[in-house]
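**Student:** For reference, the sequence and a predicted model appear below.
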Amino acid sequence: MSKWNSNTEKFHKIRRLTPAQIIIFGFFGVITVGAIFLMLPISSVNRVFTNPLTAYFTSTSATCVTGLVLVDTDIYWSSFGKTVILTLIQIGGLGIMSMAMMFNILLNRRVTPKERVVFVQSMNLFSGEKMFSFIKNMLAFTFTFEGLGALLLSFKFIPMFGFGEGVSKSIFHSVSAFCNAGFDIFGRFSGKFSSLEFFADDLYVNLVIGFLIICGGLGFIVWYDIYKAIKEHRKLMLYSKMVLTISAFLIISGAIIFSATEWNNPATMGEASVGGKFLRSLFMSITCRTAGFSTIPLADLDGSSKVLAMALMFIGGSSGSTAGGIKTVTFAIIIISVFQITRGNKDVNIRKHRVESNIILRAFALMIIAGIMVMLSSFILSFTEKGQDFINVAFEAFSAFGTVGLSTGVTPDLSNIGQLVLIALMFFGRVGIITITYAILMGLDSDKQNFRYPKANICIG
């Protein structure tokens, strides 16, 4: 009887978990299972047990769709190991709750109100209305674009690697690009940790991979709105317009600045043709905000280019997407708010729409918390990685938080403490932002405080 009561008590404790806690434990569980599989001898090429920290780091990077690695994915991991990594990327890209909801649909299982709340929160949706319609369209959109990407890449990779390897490389890189993971399997072909450097001047590969990265980084909310706007012959909602405008601005402006800072750098693009320089700059601007692919050696970037890359990684992609960072619209709200408040406006307005104060507070809170986390992690890494330049370890910290995966080559040489710091940052960048958003919204929307204190006279500035 006592055993029955104990099990009942555990069940009720699980039911009392908040949506934020469910998301955290969901990601943690998937990461742990993935790490266990990657530790097995079958997962490595040499059929040896993998160091637990290496396996956990790789599993975290894949599930949090980051792309930072301690060992070269193609050289170290076996076909089974690569399959595990690809599965983790797909789960992480779609989201834990999306996968759970998909199985609910397949099994015709009723979704509880709490599960609906968790899904809405995990995807940063506005509400749970027409949730199943959204999920079905999200899955259809994901697999359609990943399939199309794999098909387009196969025209390039099958002639290069043969049918079997060409197809597997096409599928792997299409999923990795769309999910903004940045994992590549070209190590045995073009060199250890070489990413897409072999294809730096290949317009076809750059355009296909870049297109997949952009599509994944815009977010399912935007694509669903585009789909509904076309179907119902209506205009896009303000959020979608902001995402598309800001994303285009960041890509174009980033490409122009990268061209200016790296134009004569012989180690990155100085020896390339004019077209090759613009292509590398454009791809760098695209990949910095969302994915970890690179066509130039990042360790040789000019200092100003590294600062620009860190800024783009911190901003990241869009809400409800496979990308990380504080998100494009959050960044836009902060910039617009600063300009309008300094001009004396009491309200923050965007295209004849007023932005509510709780949204502005949420944006500033997210930016400040994220900034503190990244700077604190960079500070810790500067102590634990004594032989590395500060800008390089800070670059890794920004890359981990933004779940980008770009690296200056420091990650494989990190100490155990340094690896744990990046694991925490990757988890925070993918999961923490969601849970913090939930906590802020719950606090702003709650009615716990039914009184207000007198105004305080405080000087600022």
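**Tutor:** Alright, I've got the coordinates.
**Student:** Angles on the backbone of A309, please.
**Tutor:** phi -60, psi -40 (degrees, to the nearest 10).
**Student:** Quick check: it touching L406?
**Tutor:** Yes - contact criterion C-beta atoms under 8 Å: A309 and L406 qualify, at 6.8 Å. All C-beta atoms are positioned from the backbone trio N, CA, C, and that covers glycine.
**Student:** just for the chain, where's the confidence low?
**Tutor:** Counting by pLDDT under 70, the chain shows low-confidence ranges at 1-20, 95-132, 432-453, 456-461.
**Student:** Any chance you could list what contacts the one helix or strand F172 maps to?
**Tutor:** Using DSSP states H and E, F172 sits in helix 163-178. By C-beta atoms under 8 Å, 6 or more residues apart in numbering, the residues outside helix 163-178 that reach it are 67, 82, 86, 89-90, 93, 142, 145-147, 149-151, 153-154, 157-161, 181-186, 209, 212-213, 215-216, 291, 293, 322.
**Student:** what does stretch 296-314 give?
**Tutor:** With C-beta under 8 Å, 6+ apart, stretch 296-314 has contacts from 197, 200, 250, 254, 257-258, 261-262, 265, 267-269, 280, 284-285, 288-289, 325-326, 370-371, 374, 391-392, 394-395, 398-399, 401-402, 404, 406-409.
**Student:** which among the contacts of helix 163-178 end up buried?
**Tutor:** Those of those that meet the buried threshold are 67, 82, 86, 89-90, 93, 142, 145-146, 149-150, 153-154, 157-158, 161, 181-186, 209, 212-213, 215-216, 291, 293, 322, by 16 or more other C-beta atoms under 10 Å.
**Student:** Keep only those of those that are in strands.
**Tutor:** Using DSSP state E, no member of these falls in strands.
**Student:** Now K386: phi and psi?
**Tutor:** phi -60, psi -30.
**Student:** hang on, the earlier thing: more neighbours: which of A309 and L406?
**Tutor:** L406 (30 against 27; other C-beta atoms under 10 Å).
**Student:** okay, and the common contacts of A309 and L406?
**Tutor:** With C-beta under 8 Å, 6+ apart, A309 and L406 have common neighbours C288, L298, F395.
**Student:** Tell me how far stretch 262-269 lies from the chain's centre.
**Tutor:** 28 Å (C-alpha atoms, centre = their mean, to the nearest Å).
**Student:** List the buried residues of it.
**Tutor:** Result for stretch 262-269 [16+ other C-beta under 10 Å]: buried residues E262, W263, N265, T268, M269.
**Student:** same question, stretch 408-426
**Tutor:** Neighbour count says stretch 408-426 has 408, 410-411, 414, 418-426 buried, by 16+ other C-beta under 10 Å.
**Student:** Let's see which of those end up in helices.
**Tutor:** G418, Q419, L420, V421, L422, I423, A424, L425, M426 (DSSP state H).
**Student:** closest to L38 among the buried residues of stretch 262-269?
**Tutor:** T268 (32.8 Å; C-beta to C-beta).
**Student:** so which strand or helix has the closest one?
**Tutor:** Using DSSP H and E, no helix or strand contains T268.
**Student:** What sits closest to it if chain neighbours are left out?
**Tutor:** I296 (4.4 Å; C-beta to C-beta, 6 or more residues apart in numbering).
**Student:** On the three-state scheme, the one you found is what?
**Tutor:** Classification of I296 by DSSP: H, G, I helix; E, B strand; the rest coil places it in coil.
**Student:** distance of it from S259?
**Tutor:** Using C-beta to C-beta, to the nearest Å, one obtains 12 Å as the distance from I296 to S259.
**Student:** Name the residue in these two with the higher neighbour count.
**Tutor:** Using other C-beta under 10 Å, the more surrounded residue of I296 and S259 is I296, with 23 against 18.
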